[in-house]
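Q: Any chance you can model this:
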Amino acid sequence: MSKRTINLIFKIAVALALLGAVYYQIAYNARIEVLWQAFQNGLHPRQLPWLLFATLLMPLNWGFETLKWHGLIRRFSALTFWQAYQSVLAGVAVSLFTPNRIGEYGGRVLLVEPGNGWRAVAATLMGSTSQLVALLSGGVVGLALFASLYFRWEPYLLWSVTLTGAALSVGLLLIYWHIDLVAQVLMKLRFGRRWKIAGFIAKPVKEILTLFRGYEKTELKRALFYAWARYFTYCFQYWLLMRFFGVEISVVEAWPGIATIFFLQTSVPLPPAISLLARGEIALLVWTAFGVNELSILAATFGLFILNLCLPALLGGWFIVKTNVSKS
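A: Numbers count the residues shown, from 1 in each chain. As a prediction, this is how the structure comes out:
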């Protein structure tokens, strides 16, 4: 089979899987009619600015992600910011129908230069780790505030959850901040004998660990800054959509709940398209403390999914279609 044929088959498969994932969420959503009605009700001159502002923040959200990833690949790749932006959106496209967004790694690799695939995977892994640090750290603080103010948890339960989450956050931050030492230790554990059994694993693992060892603190600090910038951007987007759908709550009151929702969502190992139901249930669990209208919360959750994942994924799918993926 020729490369051209493989290229065409792959693009068709990605396009069908992507469109199928988006269609499934829209067509088979049991509440799609009432969600659509809620959206139409929000199209009021007083409410519309909330939606417009949230929409304008979407490219900024993925812009921060691109800045983070671009800073991590610059040591080995000559991709421009715009090329890196396309790669990031291509990763979003593939992640939409893969478990736990694992396809994000493969999607980004499709648009990088040949030979830099595993290095790009390593950079994506570092970027994901920095984002996870922000999610866990912000989530622990948000959960502690939310549980103490609204759930009225018993002190022992509140402290147990908070300390466990804080320990995970600190541990992950230490691994991230000292990734060079972690990689060095792993390199010295003499995995060589095992790698000889599976030679196809040896090279990529060594490339990834070698790249980890080379990252400087300045690069890690910059990536973590963009991770936090992105975190606060999509938290703010969520609040804007809540206001658009009629939830009268200040951003200060809403932030602990939003941080808690994102914190809990990180434990759902499902593709974004399938985990949307779980996201909605988590949001309902959190916002019942405010007596907020159920439909408004589901509409805001669904709206954030469409705005921050579906639309960028469709654009990323277009970039994949335009790319000669057989060279990757």
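Q: packing partners for the lengthiest helix in the chain?
A: The longest helix of the chain (DSSP state H) is helix 117-146. Counting contacts by 3 or more Cβ pairs under 8 Å, 6 or more residues apart in numbering; DSSP states H and E, helix 117-146 is packed against helix 48-73, helix 103-109, helix 155-177, helix 199-214, helix 217-244, helix 251-265. All C-beta spots, glycine's among them, are computed from the backbone N, C-alpha and C.
Q: Show me which residues of the helix or strand following the last one are buried.
A: Looking back up the chat, that one is helix 251-265. Remark: after helix 251-265, the chain's next helix or strand is helix 276-287, criterion DSSP states H and E. Going by neighbour count (16 or more other Cβ atoms under 10 Å), the buried part of helix 276-287 is 276, 279-280, 282-283, 286-287.
Q: Mind pulling up the pLDDT for Pro272?
A: On the pLDDT scale, Pro272 is placed at 53.
Q: Revised request: answer the last question for Trp195.
A: Confidence at Trp195, expressed as pLDDT, is 50.
Q: The chain should start at 48 in everything you say after this.
A: New numbering, starting at 48: the last item is Trp242.
Q: residues contacting Val372?
A: Val372 makes contact with 54, 57-58, 157 under the criterion Cβ atoms under 8 Å, 6 or more residues apart in numbering.
Q: what does Leu66 give?
A: The contact partners of Leu66, by Cβ under 8 Å, 6+ apart, come to Gly364.
Q: Next, work out how far apart it and Tyr285 are.
A: The spacing between Leu66 and Tyr285, counted by Cβ to Cβ, to the nearest Å, is 26 Å.
Q: Check Ile226 too.
A: Look at Ile226 and Tyr285: by Cβ to Cβ, they are 30 Å apart.
Q: Look at those two and report which has more neighbours.
A: Tyr285 (26 against 21; other Cβ atoms under 10 Å).
Q: separation between the more buried one and Ala301?
A: 8 Å.
Q: again with Arg78
A: Going from Arg78 to Ala301 by Cβ to Cβ gives 22 Å.
Q: Also Val141?
A: Applying Cβ to Cβ, the value for Val141 to Ala301 is 32 Å.
Q: With neighbour numbers in mind, choose between the two.
A: Neighbours per residue, other Cβ under 10 Å: of Val141 and Ala301, the larger number sits with Val141, 25 against 20.
Q: Would you agree the more buried one is in contact with Val156?
A: No: assessed by Cβ atoms under 8 Å, Val141 is found out of contact with Val156, at 9.6 Å.
Q: relative orientation of the helix or strand hosting Leu66 and helix 323-334 in degrees?
A: According to DSSP H and E, Leu66 maps onto helix 50-74. Inter-element angle recorded for helix 50-74 and helix 323-334: 40 degrees (by axes from the mean of the first three to the mean of the last three Cα atoms, to 10 degrees).
Q: taking the mean pLDDT, what do you get for stretch 73-81?
A: Computed over stretch 73-81, the mean pLDDT rounds to 70.
Q: From one end of it to the other, what's the distance?
A: Using Cα to Cα, to the nearest Å, one end of stretch 73-81 lies 12 Å from the other.
Q: ok so, going back, and the next element down the chain from the helix holding Leu66?
A: Taking DSSP H and E, what comes next after helix 50-74 is helix 79-89.
Q: got the buried residues for that next one?
A: Quick answer for helix 79-89 (16+ other Cβ under 10 Å): 82, 85-86, 89.
Q: ok, now stretch 261-280?
A: By 16+ other Cβ under 10 Å, the buried positions in stretch 261-280 come out as 262, 266-267, 269-278, 280.
Q: now do stretch 53-62
A: Within stretch 53-62, the residues scored as buried using 16+ other Cβ under 10 Å are 54, 58, 61-62.
Q: what about His346, which helix or strand?
A: Slight slip there: residue 346 is Ala, not His. Using DSSP H and E, Ala346 sits within helix 341-352.
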